[in-house]
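*Asks:* Got a predicted structure plus its sequence, pasted below:
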Amino acid sequence: MVKKTEPTQTEPANAESTSGFNPVQLIQDSKAELTRVIWPSRQQLISESLAVIAMVSLSATTIYLVNNLFSWAAAKVFV
């Protein structure tokens with residue numbers, strides 16, 4: 001039977017991780033990440049927002065109708 005060896009303690013990859021929270025570095029990193037984001041066009045944003053609103057409305061209507069169906073059936077069976 002093979003005995004597992006315990007993992008060795010390693011140093012952090014960079015020295016910054018041990019120095020604590022640095023708000024200036026956080027803001028710089030956030031700006032750098034935001035420059036890499038591919039933002040949607042206005043047309044894409046509007047069309048996808050309308051699609052989400054339509055699907056939420058459809059789902060809510062379906063749940064409402066199913067709820068009313070079961071309420072009606074329960075009233076017929078139990079009353």
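*Replies:* Cool, the structure landed. Numbering: from 1, shown residues only.

*Asks:* ok, so what distance separates residue 44 from residue 36?
*Replies:* 18 Å (C-beta to C-beta, to the nearest Å). C-beta here means a position set from N, CA and C on the backbone, and glycine is covered the same way.

*Asks:* Those two: who's more crowded?
*Replies:* Per other C-beta atoms under 10 Å, whichever of residue 44 and residue 36 has more neighbours is residue 44, with 10 against 6.

*Asks:* pLDDT wise, what is the spatially most central residue of the chain at?
*Replies:* The centre of the chain sits closest to residue 52, judged by C-alpha atoms, centre = their mean, with a distance of 15.0 Å. Per-residue pLDDT puts residue 52 at 98.

*Asks:* Spell out which helix or strand contains it, please.
*Replies:* Per DSSP states H and E, residue 52 falls inside helix 42-78.

*Asks:* any idea how far that helix is from the chain center?
*Replies:* Relative to its chain's centre, helix 42-78 lies at 22 Å (C-alpha atoms, centre = their mean, to the nearest Å).
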